[in-house]
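> My questions are about this predicted structure, shown below with the sequence.
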Amino acid sequence: MSTDNDIRRLRSGSEQETAAFGKRLAERIIAAGSATVAGETPSTGWLILLTGTLGSGKTRFVQGFVEALCVQQEVISPTFVLMVPYKGRGIQVNHLDLYRVDSADEVADLALDELLDERQILLIEWGEKFQDYLPPADLAIEFSVLGEQLRELEFRGGSAKGRSVLPL
Ligand SMILES: Nc1ncnc2c1ncn2[C@@H]1O[C@H](COP(=O)(O)OP(=O)(O)OP(=O)(O)O)[C@@H](O)[C@H]1O
Ligand SMILES: [Mg+2]
């Protein structure tokens, strides 16, 4: 169940602004560190689902998110490679795109549970295709296209930990 308290909406007027939101979320998660949130094990990673139509800004958001790790690595869309890992500041971010994945078996082969250890953050685009096969998300972010440059990002906390970093 989610209440209005679990939902935050932000509007972005440019791709830079969307990337800045991604960076800000990463900074908040890094700052939260392994702080214990009531009722949850601190030693688990983060699962963040990014939903929304093609070109709505999901990958741009991840590019900003990864900037917070201070890695000098270009962020590419993992549409064809499925998953790209990034490491920095003692954290591993795995960026996954299930757009071209057709079967749940392929998702099972990815052993996503193993990518959710402490200090790991998993960001998934097009995860809604396989919602039943994914672990529960800490945050779900839905991207909507409101205009050529205008996007709305709706953040929904799915766990106490996820809610603890909202509002952004
Ligand atoms: N406010 C904005 N935020 C993000 N992207 C924007 C914005 N305004 C325009 N854009 C453009 O929209 C596109 C977003 O592309 P992006 O690859 O991030 O989308 P995506 O949601 O990952 O799509 P896909 O589902 O195909 O992976 C880019 O071309 C970007 O320049
Ligand atoms: Mg993308």
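Nice, I can see it. Predicted, not measured: the structure shown is a model, and the values here were computed from it. Ligands and ions are numbered 1, 2, ... in the order given.
> how close does the residue of the chain found nearest ligand 2 get to residue 81?
Relative to ligand 2, the nearest point of the chain is residue 59 (3.3 Å; Cβ to the ion). Yep, even glycine has a C-beta here, placed from its N, CA and C like the rest. Between residue 59 and residue 81 the distance, using Cβ to Cβ, to the nearest Å, works out to 13 Å.
> So between the two, which is more surrounded?
residue 59 (22 against 12; other Cβ atoms under 10 Å).
> a strand runs through that one, doesn't it?
No. Counting by DSSP: H, G, I helix; E, B strand; the rest coil, residue 59 falls outside a strand, being helix.
> so how many other residues sit close to the closest residue to it other than its chain neighbours?
Once flanking residues are discounted, residue 59 sits nearest to residue 77: 4.8 Å by Cβ to Cβ, 6 or more residues apart in numbering. When neighbours are counted by other Cβ under 10 Å, residue 77 registers 16.
> got the residues of this protein near ligand 1?
For the chain, the residues in contact with ligand 1 (Cβ under 6 Å from any ligand atom) are 12-15, 17-18, 52, 54-60, 77, 79, 125, 143, 149, 151.
> Please list only the buried members of the residues you listed.
Buried residues within those, counting neighbours by 16 or more other Cβ atoms under 10 Å: 12, 15, 17-18, 52, 56-60, 77, 125, 143, 151.
> Look over these and name the one with the lowest pLDDT score.
Among those, residue 77 carries the weakest pLDDT, at 85.
> For the nearest residue to residue 159 once chain neighbours are set aside, give me its contacts.
Once flanking residues are discounted, residue 159 sits nearest to residue 138: 4.6 Å by Cβ to Cβ, 6+ apart. Going by Cβ atoms under 8 Å, 6 or more residues apart in numbering, residue 138 touches 46-48, 157-159, 161-162.
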